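Visitor: Next one to model:
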Amino acid sequence: MGVQIDCLFPAPGSDLSDEQLSALYDRDDREAPWLRVNFVSSVDGAATVDGVSGGLGGDADHRVFDLLRELTDVVIVGAGTVRGEGYGPMVLPPASVSRRVSRGLAPHPVFAIVSSRLDLDPSSRIFTDAPVRPIVVTTDAAPRDRRDALSAVADILIAGDSRLDPARLVAGLAERGLPQQHCEGGPSLFGTMLAAGVVNELCLTVSPQLVAGEAGRIITGDLASPRDLALGHVLASGDTLLLRYERR
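Guide: Residues are numbered from 1 along each chain as shown. The predicted model follows:
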């Protein structure tokens, strides 16, 4: 386990095992499409430190981050976040692979990268070293030459005409046998998904830091009205809180 995580709500418990943590986040019905979004934020609402989220995440956040990847069929990330956060191929550690296989899941989740401009390098390790062929999610208006180049190393999912249609993204992934969907950002993609009403769950780590400055929030964009959430659980590791909310 490496780092202690305790449950504060709904049922208090100390030093949860990986199996107990997984049970808190796992879903009984894995056939129905379910979109989970995962973010980390400082106490004062900053989503990044020096432009990246890595400065906020501690051991507990990393532990849950890895467990959430274990439970999903597909990890969805916006292209800007892939570049900004320095993503590599979607390769899980051996222990995670073993637990996935024991649950009857594929050894690794699929990596789905969302990009309208398709400003992606087909020779990147994200594609060349991927254990599972990635998916590039784009629109019908995306440059055809870039789409053709990327189709040699990834499956192309068209989810929208000129703008991303999150409902088509969710449905398209589910049709490919990937109903359990896990989004790791960024804020713009989260905002687009939330406005479209397709987000079912938010997992938020609250890092015990005050950042101030001009750091952005975990979500950007406009909503017609605030969205109400239901608290699923509260976990604590030292001064870090790990919260899970579901859409009401």
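
Visitor: so what does the helix ranked longest in the chain touch, helix or strand wise?
Guide: Secondary structure of the chain read by DSSP state H shows that its longest helix is helix 59-71. Applying 3 or more C-beta pairs under 8 Å, 6 or more residues apart in numbering; DSSP states H and E, one finds that helix 59-71 contacts helix 18-25, strand 34-42, helix 94-102, strand 180-183, strand 201-207, strand 229-237, strand 240-247. In this view, the C-beta of every residue, glycine as well, is placed from N, C-alpha and C.

Visitor: what about residue 173, neighbour count?
Guide: Other residues lying near residue 173 total 24 when counted by other C-beta atoms under 10 Å.

Visitor: and it, that one's in a strand?
Guide: No - using DSSP: H, G, I helix; E, B strand; the rest coil, the assignment for residue 173 is helix, not a strand.

Visitor: and the gap between the nearest residue to residue 48 once chain neighbours are set aside and residue 186?
Guide: Nearest non-adjacent residue to residue 48, counting by C-beta to C-beta, 6 or more residues apart in numbering: residue 215, 5.2 Å away. Residue 215 sits 13 Å away from residue 186, going by C-beta to C-beta, to the nearest Å.

Visitor: Settle it for me: which of these two has more neighbours?
Guide: residue 186 (25 against 19).

Visitor: Using the three-state scheme, assign residue 213.
Guide: Counting by three-state DSSP, the backbone at residue 213 sits in coil.

Visitor: Could you tell me how many residues sit around the residue nearest to it when sequence neighbours are not counted?
Guide: Closest residue to residue 213 apart from its sequence neighbours, by C-beta to C-beta, 6+ apart: residue 46 at 7.4 Å. Using other C-beta under 10 Å, residue 46 has 23 other residues around it.

Visitor: helix, strand or coil for residue 46?
Guide: From three-state DSSP, the assignment for residue 46 is coil.

Visitor: Enumerate every residue touching it.
Guide: Contacts here follow C-beta atoms under 8 Å, 6 or more residues apart in numbering; on that basis residue 46 touches 56, 209, 211-213, 215-217.

Visitor: any idea whether the residue of the chain positioned farthest from its centre is helix, strand or coil?
Guide: Distance from the centre of the chain peaks at residue 145, with 28.4 Å (C-alpha atoms, centre = their mean). Three-state assignment for residue 145 (three-state DSSP): helix.
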